[in-house]
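A.B. asks: would you be able to build a 3D model of this:
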Amino acid sequence: MSIPIPDDVAEVLRQPVFAHLATINPDGTPQVTVIWLDVEGDRIVFSTAEGRVKPRNLRRDPRVSLSLTPPGKPYRNIVIKGRAVVIEPRGFGLIDRLAHKYTGSDRYEWATPGQVRVDVEIEVDHISG
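C.D. replies: Okay, the predicted model is just below:
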């Protein structure tokens, strides 16, 4: 069951905070990656690319866990559990927006030729911290 993101957590998510995203590998082990993210309404969004482990894992098992520490608050840890409800190619709009948020650049500068970007939307089931 999806829950709303509290204002104080949404405020942290709007900052350029790095999050550790855990997905589940086919053998049940966790796969953890540092990601850029943002919040849209009550969903967390991030971008990845086709061919990477994250979208493969999420299409098979949409459960995720995120862990992040707000800037300047090293002893606060926020853990978010949820499900990827959208996993689809949508172009470079989101990753360009995230690049601006995290680096100040107007576009994502690390794309490889032919790369297909995949936007992911996460519905939140639980927040702690």
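
A.B. asks: quick one, helices of this structure?
C.D. replies: Listed in chain order, the helices of the chain (DSSP state H) span residues 7-13, 53-60, 93-103.

A.B. asks: quick one: buried residues of the second one?
C.D. replies: Right, the one you point to is helix 53-60. With burial defined by 16 or more other C-beta atoms under 10 Å, the residues of helix 53-60 counted as buried are 54-58. Where you see a C-beta, it was placed from the backbone N, CA and C, and this is true even at glycine.

A.B. asks: of the residues you listed, closest to Ser67?
C.D. replies: Lys54 (15.4 Å; C-beta to C-beta).

A.B. asks: show me what contacts the residue nearest to Glu50 when sequence neighbours are not counted?
C.D. replies: Nearest non-adjacent residue to Glu50, counting by C-beta to C-beta, 6 or more residues apart in numbering: Val116, 4.2 Å away. Applying C-beta atoms under 8 Å, 6 or more residues apart in numbering, we find Val116 in contact with 49-51, 89.
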